[in-house]
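Asks: sharing a model that was predicted from the sequence below.
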Amino acid sequence: MSLTDAVLSGASPDELARAELPDRFTAAHLRVGDEGIFAEATDKDVRRTLHVGEVPMPELAPDEVLVAVMASSVNYNTVWSAKFEPLSTFRFLRSYARQGGWAARHDQPFHVLGSDGSGVVVRVGSGVRRWRVGDHVVVSPAHVDDQEPATQTDGMLSEAQLAWGFETNYGGLAQYAVARASQLIPKPPHLSWEEAASIPVCGGTAYRMLVSDRGARMKQGDIVLIWGASGGLGAYAAQLVRNGGGVAVGVVGSEAKEAVARKLGCQVVINREEIGIGDDTGDDPELAIKAGKRLGAIVRREVGEDPHIVFEHVGRATFGISVFVVRRGGVVVTCGSSTGYHHTFDNRYLWMKLKRIVGSHIANLQEMTEFARLFEQGSIVPVISRIYPLADVGEATRLVQLNQHVGKVGVLCLAPEPGLGVTAPEMRARIGEETLTPLRSVTAAVAG
C-alpha cells in the first residue's frame, strides 16, 4: 500500500509507518525560470507562474516531520511569491541554503509554496520527541531555530526566524510538506481539515497583534479599528475583539462585505468609499489627514470615542490615516503592507500625541497554541468562505490577488472532499454547524 493510499484509508500509525514513501509528490510551486516573466506586464496574473505538478521528495532532517497535507489555504504571501515581488523568493531559498547542512536542500529550481497546512504526521526525524506518526496536526508558519537564545524568550525575535513556505521550501500547498517539529500544534478535533488549515497564518497573527503582551494588549472596552474586516486577518481580528470585550469597528471595500464584517463581530462597519481613499492618499500626508478626519468623525458618531487600537496590515494606502485616527496614547499595530511597504505619515501626530507603532509578525508557538484553544471552547470559529482543489490553486490565489474573497480561501490537498477530518463530532454538534460556518450564507453575495 502506498503512503497516500494509507493516509486516505485512515490507516493505523503502524500501517502508515510501514507504507511506501513516494519518491515524488504533487505540489503548487514556482519555477526559477519564470523569474523574469512579469518584466513588461501590467497585470501580474499569478495564474501564469503557479504550477501544479510533481516535485521530488526531500530527506528529513533529525528535527523535522513529514506531514501528509490534507488541506491548506491561500495567504497574501503566496500572491507576493507568484508575482516575484518585492523580491523573488528564490533569493530567500538561496540565502537560507548558504547556512549549509540540511538548509542546503531548500535551494532548488522549484519553490513549493504555502504557509498554512493541516494533516497527518507520516514520518518523524530521529530527534523528534513530542510527535508520532499518525498525529493530526496544524502547522504554524513560524520556522524558528530552537537552539538560538532569543527563541527561548520569543521565537519571533529569532534572527533565524523564517516564514515557512515563503522563505523556505516544501510548504503547505502540496500533498506532502516538511516542517520542523517546533511548528506543530494539535489539530482541533471538531474542525474539518480545511477549517483547521485556515487557523495558523491569519488567526495566529491576529492573536499576537491584539491579545498577546507583545502586541497591542487589547483590554475590555477598547475600540479597535480593523482595516479589511472581511478578509482573513480581519475576520479573525473581529472575532477576537468581540470575544475579548472590545468594540470592533470594521472598514471594508463593498456593501456586500459589510454583511460579512457584521456577521463576524463588528459592531460598526464603514465602507471605504465613505472615507474617500484615493490612489495618492498614501503618498500625501495632507490627504491622509483629511481622510483621517472623515474616518474619525464617523467612528466618534457611532461609538462616541476615537479608536484605542488600529489593526493595520494594508500598508501604504492606509498607514498615514491609521497614525492620525488612533487616539492620544493609542496603538497602531501592523503586520504587513499589502499595498506597499513605504509608508508616509505626519510624524507630529505620532510623537506629540504619544501614540505607538507596534510591529508584529506571525505568532510564536505558545501564542499559536493559545489561539487554537479558543476554537475548542467555541469562542472563535473558522472563516473559510470558498474551497478549491489543489489543481486549481492558481484560481484560488487569483481571487485573493484581486481581493474578491472574504475570510479565508481553502485548498484541498490530499483530502478528496470538504468536511473530512472531524474526530470529535459531539464537540462540533455542541458548538453548532451554523456557528462554525459563519460565512456560508454571505459568500455568494460577495462573489456576485
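Replies: Alright, I've got the coordinates.

Asks: only C-alpha atoms from now on, for both contacts and neighbour counts.
Replies: Will do.

Asks: top strand in this protein by residue count?
Replies: strand 64-73 (DSSP state E).

Asks: what's downstream of it, the next helix or strand?
Replies: Where DSSP states H and E defines the elements, the next helix or strand beyond strand 64-73 is helix 76-83.

Asks: from the chain's centre, how far out does that following helix sit?
Replies: Computed by CA atoms, centre = their mean, to the nearest Å, the chain-centroid distance of helix 76-83 equals 12 Å.

Asks: what's the next secondary structure element after that helix?
Replies: helix 89-97.

Asks: that next one versus helix 76-83: what angle between them?
Replies: Inter-element angle recorded for helix 89-97 and helix 76-83: 110 degrees (by axes from the mean of the first three to the mean of the last three CA atoms, to 10 degrees).

Asks: okay, how far is it across stretch 194-202, tip to tip?
Replies: 14 Å (CA to CA, to the nearest Å).

Asks: one more: stretch 100-109?
Replies: 17 Å.

Asks: and the average pLDDT for that stretch is what?
Replies: The average pLDDT for stretch 100-109 rounds to 97.

Asks: got the contact list for it?
Replies: For stretch 100-109, contacts defined as CA atoms under 8 Å, 6 or more residues apart in numbering pick out 31-33, 58, 61, 90, 93-94, 96-98, 168-170.

Asks: name the nearest of these relative to residue 297.
Replies: Nearest to residue 297, judged by CA to CA, of the contacts of stretch 100-109 is residue 168 at 44.4 Å.

Asks: these two touch, right, that closest one and residue 90?
Replies: No - applying CA atoms under 8 Å, one finds residue 168 not in contact with residue 90, separated by 9.2 Å.

Asks: higher neighbour count, those two?
Replies: A count of neighbours by other CA atoms under 10 Å puts residue 168 above the other of residue 168 and residue 90, at 29 against 25.

Asks: list the contacts for that one?
Replies: Residue 168 touches 92, 93, 96, 106, 162, counting by CA under 8 Å, 6+ apart.

Asks: now the third one. Nearest residue, chain neighbours left out?
Replies: This means residue 96. residue 103 (6.2 Å; CA to CA, 6 or more residues apart in numbering).

Asks: confirm that neighbour sits in a helix?
Replies: Yes - looking at residue 103 with DSSP: H, G, I helix; E, B strand; the rest coil, it is inside a helix.

Asks: adjust the sequence numbering to begin at 26 for everything that follows.
Replies: Will do, 26 is the new start, and the previous item becomes residue 128.

Asks: give me the number of residues near it?
Replies: With other CA under 10 Å as criterion, residue 128 counts 17.

Asks: and what of residue 293?
Replies: 18.

Asks: about what we covered before: partner strands of the longest strand of the chain and their direction?
Replies: Sheet pairing for strand 89-98, assigned by DSSP bridges, gives strand 143-149 (antiparallel), strand 201-205 (antiparallel), strand 433-437 (antiparallel).

Asks: what does that strand contact?
Replies: Looking at what lies outside strand 89-98 - CA under 8 Å, 6+ apart - the contacts are 29, 32, 85, 139-150, 152-153, 197-206, 218-219, 222-223, 433-440.

Asks: if we can go back for a sec, closest one to residue 51 among the strands paired with strand 89-98?
Replies: Smallest distance to residue 51 across the strands paired with strand 89-98 (CA to CA): 7.9 Å, for strand 201-205.

Asks: output the contacting helices and strands for whatever helix or strand comes next after that closest one.
Replies: Past strand 201-205, heading to the C-terminal end, the next element that is a helix or strand (DSSP H and E) is strand 209-211. Contact here means 3 or more CA pairs under 8 Å, 6 or more residues apart in numbering; DSSP states H and E; on that basis strand 209-211 packs against strand 161-164, helix 390-402.

Asks: residue 168: what's it in contact with?
Replies: Residue 168 neighbours (CA under 8 Å, 6+ apart): 186, 187, 188, 189, 204, 205, 207, 208.

Asks: same thing but 7 Å
Replies: Counting by CA atoms under 7 Å, 6 or more residues apart in numbering, residue 168 touches 186, 187, 188, 189, 208.

Asks: also residue 82?
Replies: 48, 49, 50.

Asks: save these as CSV, and put in distance to residue 355, neighbour count and pLDDT too.
Replies: Listed next are these as CSV, based on distance: CA to CA, whole Å; neighbours: other CA atoms under 10 Å; pLDDT from 0 to 100:
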residue, distance to residue 355, neighbour count, pLDDT
48, 54, 10, 97
49, 51, 14, 98
50, 49, 16, 98
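
Asks: could I get those residues as CSV with secondary structure?
Replies: Converted to CSV, these look like this (three-state DSSP):
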residue, secondary structure
48, coil
49, strand
50, strand
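
Asks: which among the contacts of strand 89-98 count as buried?
Replies: Listed as buried from the contacts of strand 89-98 are 29, 32, 85, 139-150, 153, 197-206, 218-219, 222-223, 433-440; burial here means 16 or more other CA atoms under 10 Å.

Asks: re the thing from before, quick one: closest of the strands paired with strand 89-98 to residue 457.
Replies: strand 433-437 (19.9 Å).

Asks: what distance do you get for residue 464 to residue 239?
Replies: Distance from residue 464 to residue 239, by CA to CA: 30 Å.

Asks: the two: which is more packed in?
Replies: residue 464 (25 against 14).

Asks: hang on, isn't that one packed against residue 410?
Replies: Yes - in this structure, residue 464 is within contact of residue 410 by CA atoms under 7 Å, at 5.6 Å.

Asks: go ahead and measure how far stretch 156-173 is from the middle of the chain.
Replies: 16 Å.

Asks: which positions in that stretch come out as buried?
Replies: Buried residues in stretch 156-173 (16+ other CA under 10 Å): 156-171.

Asks: could you list the buried residues of the lengthiest helix in the chain?
Replies: Criterion DSSP state H: the longest helix present in the chain is helix 310-328. By 16+ other CA under 10 Å, the buried positions in helix 310-328 come out as 310, 312-324.

Asks: ok, stretch 41-52 next?
Replies: Using 16+ other CA under 10 Å as the test for burial, stretch 41-52 gives 41, 42, 44, 46, 50, 51, 52.

Asks: model confidence score at the third one, please.
Replies: Model confidence at residue 44, expressed as pLDDT, equals 97.

Asks: turn the helices and strands packed on strand 209-211 into JSON lines, including mean pLDDT and distance to residue 448.
Replies: Shown next, in JSON lines, are the helices and strands packed on strand 209-211 (pLDDT from 0 to 100; distance: least, CA to CA, whole Å):
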{"stretch": "strand 161-164", "mean pLDDT": "98", "distance to residue 448": "10"}
{"stretch": "helix 390-402", "mean pLDDT": "95", "distance to residue 448": "12"}
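
Asks: right, so those: which one is the most enclosed?
Replies: Of all the helices and strands packed on strand 209-211, strand 161-164 has the most neighbours on average by mean count of other CA atoms under 10 Å, namely a mean of 28.

Asks: pairing partners for that one, with directions?
Replies: Going by DSSP bridges, the partners of strand 161-164 are strand 143-149 (antiparallel), strand 209-211 (antiparallel).
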